[in-house]
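Q: Let's see this in three dimensions:
(2 chains)
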Protein chains: 2
Amino acid sequence: MREVAVLGIGMSEWGELWKKPLRQIFVDAASAAIADAGVDKIDSMYVGCMTSGLFVGQEHLASMLSDYLGVSSIPACRVESACASAGVAFRLGYVEVASGVSDIVLVGGVEKMTDVGGDGATFALATAADQEYEVYHGVTFPGLYAMVANEHMDRFGTTREQLAHVAVKNHKHGSMNPRAQYPFEVTVEGVLKSVLVADPLRILDCSPITDGAAAAVLCPLGLAKKLSKKPLVKITGSGHATDTIALHDRDDITEFAATKRAAEKAYKMAGVGPADIDFAEVHDCFTIAEICVIEALGFAERGKGGEAAESGATALGGPIPINTSGGLKSKGHPVGATGIAQIVELTEQLRGESGKRQVKGAKRGLAQNMGGTGGSTTVHILEVA
Amino acid sequence: MREVAVLGIGMSEWGELWKKPLRQIFVDAASAAIADAGVDKIDSMYVGCMTSGLFVGQEHLASMLSDYLGVSSIPACRVESACASAGVAFRLGYVEVASGVSDIVLVGGVEKMTDVGGDGATFALATAADQEYEVYHGVTFPGLYAMVANEHMDRFGTTREQLAHVAVKNHKHGSMNPRAQYPFEVTVEGVLKSVLVADPLRILDCSPITDGAAAAVLCPLGLAKKLSKKPLVKITGSGHATDTIALHDRDDITEFAATKRAAEKAYKMAGVGPADIDFAEVHDCFTIAEICVIEALGFAERGKGGEAAESGATALGGPIPINTSGGLKSKGHPVGATGIAQIVELTEQLRGESGKRQVKGAKRGLAQNMGGTGGSTTVHILEVA
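A: Now for the predicted structure:
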């Protein structure tokens, strides 16, 4: 298997993009990545998208997008694993380049969520849970993650304030990210007073509904050395795992087993452990998710994820900065695009291009992207080449 | 890259499966494939499905299906490329085994189409066309393929009767397939008198709405030699290509360019040409589709695809039997499953297990699976090992 580099990265505008169709949002991100890579052709394409069928009534997505990107004819397919769709697309692109099947592969993710309105979005997102055994009984994602939060608070003494600290930190990071959908800061008090969604989770514990896309161009490291004048970033670890789709089938709903398994594979492949990671982007779809995920990744002890946020350990300047981009919480969460947007943040940090939110001396970053309540997860490790 | 074998195959019942949920249909096929392979574990899974979101309100499909198959934890993802979804899943599984990333990979496809009723199915299927520039103006798939048929008749003198001969042949083949959804024979007169759908296409020119799944287990050829007592089948060619999603953007709507490109790649990889293929399964979603596809694959001269059906050249016993399974037309067309069901037919033929519809001395078969009006296509060549 060949070593693989991230040669180019790009993002569309993120937010409520009323005037742009899905195809344009994707082409904006893909064109930016191709321009950043400085290539004039791509051999193959993978697109992560959770549910363009329910959100905009369009399937056969990769053919449409390769067409509108002007590369119609290349192998192109869409990959779906709920909110981990783009993480899986990134992994498949990595395997395609590493194995020698293709040299230059575009990996992207896109979701246009706002066209359907609030109820439509809630229904569409709930298709990432078990329709027949969870959603049918009336629970949607805020409710599922609220159960996780209650259990974590019960067992480990995690406080309501600690949940808020995750939001405060990520909005603080997002305030330094020109691409963030909600680049404002919030306070612990503000989070605690925000409207209740599913006890104990309030609206400022939840990531938003977002239209947006992200893309990256991958190629063999050897080729990247010839093509690129920028600091090179290589992929050193890749892990992918699943778990039961329904929360009630887990032995322990506070332990994200797919994240643990995917991380073990990625760490082993890269030959490193949690202590060797300089910073990470993780899937903070709700504040409690970040807490459980950093425990599963080994960045905090079991039950201590809330303390990590409260103490500043996971803030910029702390020992393990988490979600320097603002995370899903502040940057936004177009569900099928998030996994590649994490890669964009990692790559910029490793190139030293992150401006005010730059992690000093960042040499190795980790991205964790998950679907549903953790029914699928990818973990990738990127390093300065 | 390692040589890859098809170690096991399986299908669920196909038809209107009112009493079985999607998850059970898939598990039926996957369990059959795993039993046929004789393995006790799988390392990874790819599932083709076009639009479970619109058909049954469920996304995050591969996590749910790996869970219900009892292998929750393995890497599993869904692949979507409209009606070519399973063909792409097969290709990705092939690459994963060939590259050495995994040893035993389950590839499957599933669709449960009947739950939404007729209008719902028409809408869901139309999401494989360009929603904003085709479907919005009122055209759905029978209309799009009717345009292709009219153009083919105009330019090449293809007759209405020749279209009917494709249906007659495929139903004749399907009458010998115990798994066919519509295993009855039809006559040219019967096709011509059947209800008009989109001139010149009549209901008996159209493939049906079907619930069903198909699966295959792939592994390195070397491992297959140790594990299997059945005649071994190996994958010698794999091609994947796209085309414009909208018919109006093509230079020539009767020439399926993605099929030509995918076939060129697969032929080149296998070191063979059309004359070396003993039989093929192709994407006859409408009778005209089979005619255009066999021309693109090189089994008939340009414009002579209709004559091939009329003359019996593409029937069992002819020089190049096409759709010995009954094809989409008679066997059924659960859109996300079709690409792997074609692989099931190829494998059974190459093992000599096809009973009444056995192609004598079959050593090399080809499967062509496409999405939409040909916006995406995969071509695979399988041979006796």
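Q: Can the worst-scoring helix or strand of chain A on mean pLDDT be said to contact chain B?
A: Ranking every helix and strand in chain A by mean pLDDT, DSSP states H and E puts helix A:117-126 at the bottom, with a mean of 90. Yes. Using Cβ under 8 Å from any Cβ of the partner chain, we find that helix A:117-126 touches chain B at A:F123, A:A124. Where C-beta positions appear, they are placed from N, C-alpha and C, glycine not excepted.
Q: for that helix, which positions count as buried?
A: By neighbour count on 16 or more other Cβ atoms under 10 Å in any protein chain shown, the buried set for helix A:117-126 is A:A121, A:F123, A:A124, A:L125, A:A126.
Q: for it, packing partners?
A: Judged by 3 or more Cβ pairs under 8 Å, 6 or more residues apart in numbering or on different chains; DSSP states H and E, helix A:117-126 is in contact with helix A:52-56.
Q: residue contacts, the residue nearest to A:G143 when sequence neighbours are not counted?
A: Sequence neighbours aside, A:A198 is the residue nearest to A:G143 in space, at 4.6 Å (criterion: Cβ to Cβ, 6 or more residues apart in numbering or on different chains). Applying Cβ atoms under 8 Å, 6 or more residues apart in numbering or on different chains to A:A198 gives the contacts A:P142, A:G143, A:Y145, A:A146.
Q: excluding its backbone neighbours, what's nearest A:E134?
A: In space, A:E134 is closest to A:A246, 5.4 Å off (Cβ to Cβ, 6+ apart).
Q: how close does A:D119 get to B:E348?
A: 47 Å (Cβ to Cβ, to the nearest Å).
Q: typo on my end, it should be A:I209
A: On the measure of Cβ to Cβ, A:I209 and B:E348 end up 48 Å apart.
Q: I figured A:C49 was touching A:R78, is that so?
A: Yes. Between A:C49 and A:R78 a contact is recorded at 5.5 Å, counting by Cβ atoms under 8 Å.
Q: Give me the neighbour count for A:D154.
A: Residues lying near A:D154 (other Cβ atoms under 10 Å in any protein chain shown) number 10.
Q: Tell me where the stretch 1-150 of chain A has strands.
A: A:4-11, A:44-48, A:76-80, A:105-111 (DSSP state E, counting those that start in this stretch).
Q: Wait, A:A367 touches A:H380, no?
A: Yes. At 4.8 Å, A:A367 counts as touching A:H380 under the criterion of Cβ under 8 Å.
Q: In this structure A:A146 contacts A:L196, no?
A: No. Between A:A146 and A:L196 there is no contact under Cβ under 8 Å: 9.9 Å.
Q: These two: which is more packed in?
A: Using other Cβ under 10 Å as the criterion, A:A146 and A:L196 rank with A:A146 on top: 20 against 12.
Q: Now do the contacts for that one.
A: Per Cβ under 8 Å, 6+ apart, neighbours of A:A146: A:V197, A:A198, A:D199, A:P200, A:L201, A:I288.
Q: Check which helix or strand the residue in the stretch 151-300 of chain A positioned nearest to chain B maps to.
A: Relative to chain B, the nearest point of the stretch 151-300 of chain A is A:H240 (3.9 Å; Cβ to the nearest Cβ). Here A:H240 sits within strand A:233-242, counting by DSSP states H and E.
Q: Can you find the residue of chain A that comes nearest to chain B?
A: Nearest residue of chain A to chain B: A:S99, at 3.3 Å (Cβ to the nearest Cβ).
Q: ok, that residue touching B:Y94?
A: No. Contact criterion Cβ under 8 Å: A:S99 and B:Y94 do not qualify, at 10.9 Å.
Q: more crowded one of the two?
A: Comparing A:S99 with B:Y94 by other Cβ under 10 Å, the one with more neighbours is B:Y94, at 21 against 18.
Q: Distance of the more buried one relative to B:G365?
A: In this view, B:Y94 and B:G365 are 15 Å apart by Cβ to Cβ.
Q: neighbours of A:R250, just the number please.
A: Each residue near A:R250 was counted by other Cβ under 10 Å, and the total is 18.
Q: now it, nearest residue through space, not along the chain?
A: For A:R250, ignoring the flanking residues on the chain, the nearest one in space by Cβ to Cβ, 6+ apart is A:T244 at 5.8 Å.
Q: A:D276 now?
A: Counting by Cβ to Cβ, 6+ apart, A:D276 lies nearest to A:R364, which is 6.3 Å off, once chain neighbours are set aside.
Q: Now the one you found. Its backbone dihedrals?
A: phi -150, psi 120 (degrees, to the nearest 10).
Q: which ones are touching it?
A: Contact partners of A:R364, counting by Cβ under 8 Å, 6+ apart, are A:T236, A:A270, A:V272, A:D276, A:I277, A:D278, A:L350, A:I381, A:L382, A:E383, A:V384.
Q: Go ahead and confirm the residue nearest to A:E134 touches A:E132.
A: No. Counting by Cβ under 8 Å, A:E132 is not a contact partner of A:A246; they are 9.3 Å apart.
Q: Give me the more crowded residue out of these two.
A: Here A:A246 and A:E132 are compared on neighbour count by other Cβ under 10 Å; more neighbours surround A:A246, at 20 against 16.
Q: ok, back up a step: list residues touching both of A:C49 and A:R78?
A: A:L61.
Q: Pretty sure A:S44 sits against A:V71.
A: No. When contacts are counted by Cβ under 8 Å, A:S44 is not listed as touching A:V71 (9.6 Å).
Q: Counting neighbours, go ahead and name the busier of these two.
A: A:S44 (23 against 19).
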